[in-house]
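Visitor: structure, please.
(chains A and B)
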Amino acid sequence: MPAELSSLPDVAVLYQRYGRAVHQRCHYFLRHDEDARDAMHEVFLKVVERYGEFRGEASPLTWIVRIATNHCLNLLRSRRAPWRERFGHTATLEATINQARSAGGDKQTLVRELLGHIPHDLHEPAVYYFVDEMTQDEAAAACRCSIPTLRKRLRRFVELARKRLRHDDPETVFGEVPL
Amino acid sequence: MNREQHVGRFTLERFLADELTSDEAHVVESHLDSCHTCRTARDRLNEDHEAFVAAVPYAAFRIEHEQRLSSRRSKHRWLPTSILAASALAASAAMVLLALRPPDGDGVITRSKGGSVALTFSVLDNGALRPGVSGETLAPGTRLQLYYDAGTLTHMALLGIDSTGTVAVYFPDASASTLGPLPAGPTGRMPFSLTLDDTPGVERFVAVFATFPAPLGDVLAHDYEQATFYVEKPRGSTGTQTIDSAH
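Guide: Predicted coordinates:
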């Protein structure tokens, strides 16, 4: 039987089962150990606070990762100018991406580098689909949108990525774009 | 990784979190038996999990979790104990809180003590973090981690005042002349820890919050009459504080 969330929050179980995933998600966005650990704590506080709101419409992991993703994205957005600096640094975006790729960076790195240069409504779909490798159903549930809307946002993301990457076909990086 | 040929990363995560149905899990297990790439991905996630548990064991996580939970629930908890601790004869680490409002038309800054702000701390004790108690006696070399709750206020400074009246500015930094923006949102952990040195005497930690970058000189001149100079400390380093057992 698949694991489900109990009626009351058991922090020990939540931490054992989801702590690493939450921490990795926070570290993916914030890229700093202390920031990631701080964000992880805040995410678990939110999980406990919102525990009663979970209705099982998505898997527990989907729900918790969504809280972590939104927490980190909101954190970065609230920093305004540093938000773009964090993802664009001082070099041009293309140079940063090329550097990431030549250093063995994968699409997770590329998505992160692109996040500062695309509209906010594309952030979650791109992360869930290309970084987490969720299925379309899972990503749509995480984004709380329909599958057609998800596909539309993913196509838009790849279109913007194409403009940024210029010399490379983003589909060779991100794989198939759902029609 | 081709989605059709391999198990997606998220599905692997759900598999390891025991969230898949028995049929779904069976499909994943069968695939893992025959796919080296996916087995490697699974093994890496397991290794990451072991490393994470070693780096942030549940016991340490739980202490800080409870600390933050308590800080959110009880914003006034520290004020009474910190006032009592400040008057105690035994050496202590005492917390004092101030909230400042912008100057009015006559340039007067309104001050109020405590209210909706909080400053708490944890003690690194035998390798484990535990909640600190305002007024407790701590040995030299003890390491403290401080947490704050600024309520609706947006700027803060963290000061240390030793028994001689020497003031050290720990946040924003030793050379700061005004309160700085909150380091980690409305509630959070100070971005450094403090290690206690062996200088005897009572040590007070003072957190000052405001809705604006209030001048530190003004705060010190009006509120800490015996403070005459700052102790210089490099930015980002762990500070030192003095505390001692009973005289």
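
Visitor: any residue of stretch B:145-165 touching chain A?
Guide: No - figure legend: stretch B:145-165 not in contact with chain A (C-beta under 8 Å from any C-beta of the partner chain); closest approach 10.0 Å. For the C-beta atoms, the positions are set from N, CA and C on the backbone; glycine is no exception.

Visitor: buried ones in that stretch, by neighbour count?
Guide: B:145-150, B:153, B:155-162 (16 or more other C-beta atoms under 10 Å in any protein chain shown).

Visitor: please apply the same query to stretch B:204-215.
Guide: Under the neighbour-count criterion of 16+ other C-beta under 10 Å, stretch B:204-215 has B:R204, B:F205, B:V206, B:A207, B:V208, B:F209, B:A210, B:P213, B:A214 buried.

Visitor: just give me the closest of those residues to A:D38.
Guide: Set against A:D38, the nearest of these by C-beta to C-beta is B:A207 (17.8 Å).

Visitor: where does that closest one land on pLDDT?
Guide: Model confidence at B:A207, given as pLDDT, is 82.

Visitor: name the nearest residue to it, sequence neighbours excluded.
Guide: Using C-beta to C-beta, 6 or more residues apart in numbering or on different chains and skipping residues adjacent in sequence, the residue nearest B:A207 is B:L119, 4.1 Å away.

Visitor: assumed that neighbour was part of a strand.
Guide: Yes - counting by DSSP: H, G, I helix; E, B strand; the rest coil, B:L119 is part of a strand.

Visitor: now B:V208. Its backbone dihedrals?
Guide: When quoted as degrees, to the nearest 10, the phi and psi of B:V208 stand at phi -120, psi 130.

Visitor: quick check: bridge partners of it?
Guide: In this structure, B:V208 bridges to B:L98, B:A157 when assessed by DSSP bridges.

Visitor: for it, give its distance to B:A214.
Guide: Plainly put, B:V208 is 7 Å away from B:A214 if you go by C-beta to C-beta, to the nearest Å.

Visitor: and the buried residues of stretch B:204-215 as TSV, adding distance to A:E42?
Guide: Converted to TSV, the buried residues of stretch B:204-215 look like this (distance: C-beta to C-beta, whole Å):
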residue	distance to A:E42
B:R204	28
B:F205	23
B:V206	25
B:A207	20
B:V208	24
B:F209	19
B:A210	23
B:P213	25
B:A214	27
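
Visitor: could you look up the SS state of B:S175?
Guide: Quick answer, by three-state DSSP: B:S175 is coil.

Visitor: before we move on, back to that, show me what the residue nearest to B:A207 is bridged to.
Guide: The partner residues for B:L119, given DSSP bridges, come to B:Y148.

Visitor: which element is residue 40 on?
Guide: Looking at chain A here, since you left the chain open. Per DSSP states H and E, A:M40 falls inside helix A:33-49.

Visitor: actually it's chain B I care about, not the one you picked
Guide: Judged by DSSP H and E, B:T40 forms part of helix B:36-55.

Visitor: and that helix, what does it pack against?
Guide: Under the contact definition 3 or more C-beta pairs under 8 Å, 6 or more residues apart in numbering or on different chains; DSSP states H and E, helix B:36-55 sits against helix A:11-30, helix B:9-16, helix B:22-34.

Visitor: which one of these lies nearest to A:V111?
Guide: Closest of those to A:V111 is helix A:11-30, at 9.4 Å (criterion: C-beta to C-beta).

Visitor: what angle do the closest one and helix A:33-49 make?
Guide: Orientation note: helix A:11-30 sits at an angle of 130 degrees relative to helix A:33-49 (axes from the mean of the first three to the mean of the last three C-alpha atoms, to 10 degrees).

Visitor: ok and helix A:11-30 relative to helix B:36-55, angle-wise?
Guide: Here helix A:11-30 points in a direction 110 degrees away from that of helix B:36-55 (the same axes, to 10 degrees).

Visitor: same question for helix A:11-30, mean pLDDT?
Guide: The model assigns helix A:11-30 a mean pLDDT of 92.

Visitor: need the residue closest to the centroid of chain A.
Guide: Centre of chain A computed as the mean C-alpha position; nearest residue by C-alpha atoms, centre = their mean is A:V127, 3.7 Å away.
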